[in-house]
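Could you look at this predicted model? Sequence included:
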Amino acid sequence: MWFADTAVPAGLLADGAVLLPVRRARGEPELRAATAPPAAGDPPWQSSLDALLALLRAPARRPAALSLNLSAAFVRWHLLPWPPGAGSPAELDAAVRLRLRAVHGAAVEGWLLQRAEGVPGQPVPVCAIDQALLQAVRSGLAGAGWRLHRLQPYVAAAFDHWRPVWRRGAAWLAVVEADHLTLALVDRGRWAALRSVRCHGGDSAALQAACAGLQARLALEAERPVPTDTPLYLTGPVAHAGAGPVAGQWLRPEGGPAWCDGPARLAWGR
């Protein structure tokens, strides 16, 4: 469901589960594992990373390069106004970090920030992960004989893949994961609002309520009124996709997964 046959396959690092894709060319199966809650004092991603490394050491897997998708549980999303006076990319990066430090304090010093390519004067999508997560992934993969090719939020991959769908008019785009809902409002290719919340994505009723509530909140943040007929597009690896009561269109490529390993605008690890 998740992955295409690519030269560099991509696994999933999520809260509660990890997955390695099938690699048909090597005769390797898809591997999945549930994860235990993190131990006291451990970072929230530690048990998931431990489970992933155990899968990588399985006899059925031969070491190679690996991309990883991160669940929204391990990614912080922000949509920040364009900083006045920011000209160069370095100035924009510095302004973004200062803005987040003003909100979150010293914790930002431990974050690795990545922003989408922005247009002066328009809001800038920014995501952040723990610097320790990237370091632990790199060292853990190396210890198992693997090499990190790319680390990216699943949400970023989904937004990139479905960009042509919502490029022209106003639209809601929801990325539904097992434990999170990430919703964006875009207007003629411009980011108007963005938020991620914890949600049981496999429960249709819970997803409907969370999506409706988040739409109402984000509509209040938008600079322009959101037309009531603005379409809602949903994508993600949830089992009930397309069968629930959510009034939107589920996006599924023909015969393939809900994302592609194309050029990612928000990625680390190369």
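On my side now, so go ahead.

Now do the same for the helix or strand where W172 lies: mean pLDDT, whole number.
If you go by DSSP states H and E, W172 is part of strand 170-176. Averaged across strand 170-176, pLDDT comes to 91.

ok now it, how far from the chain's centre?
13 Å (CA atoms, centre = their mean, to the nearest Å).

what's the helix or strand following it in contact with?
Downstream of strand 170-176, the first helix or strand assigned by DSSP H and E is strand 180-187. Applying CB atoms under 8 Å, 6 or more residues apart in numbering, the contact partners of strand 180-187 are 71-73, 77, 155, 159, 166, 169-175, 191-199, 201, 207, 210-211, 214-215, 218-219, 222, 224, 226, 230. The C-beta positions use only the backbone N, C-alpha and C, and glycine is treated the same way.

Out of these, which end up buried?
Listed as buried from the contacts of strand 180-187 are 71-73, 77, 155, 159, 166, 170-175, 191-196, 199, 201, 207, 210-211, 214-215, 218-219, 226, 230; burial here means 16 or more other CB atoms under 10 Å.

So which of these are in strands?
Residues of these located in strands (DSSP state E): 77, 170-175, 191-196.

Dump the residues you listed into TSV; add distance to L49 as well.
As requested, these are exported to TSV (distance: CB to CB, whole Å):
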residue	distance to L49
W77	21
A170	39
A171	35
W172	32
L173	28
A174	27
V175	22
W191	30
A192	34
A193	31
L194	26
R195	26
S196	20
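
quick one: which of those residues is nearest L151?
Relative to L151, the closest of those is W77; by CB to CB it sits at 15.8 Å.

What's the separation between the closest one and V226?
Distance, W77 to V226, using CB to CB, to the nearest Å: 19 Å.
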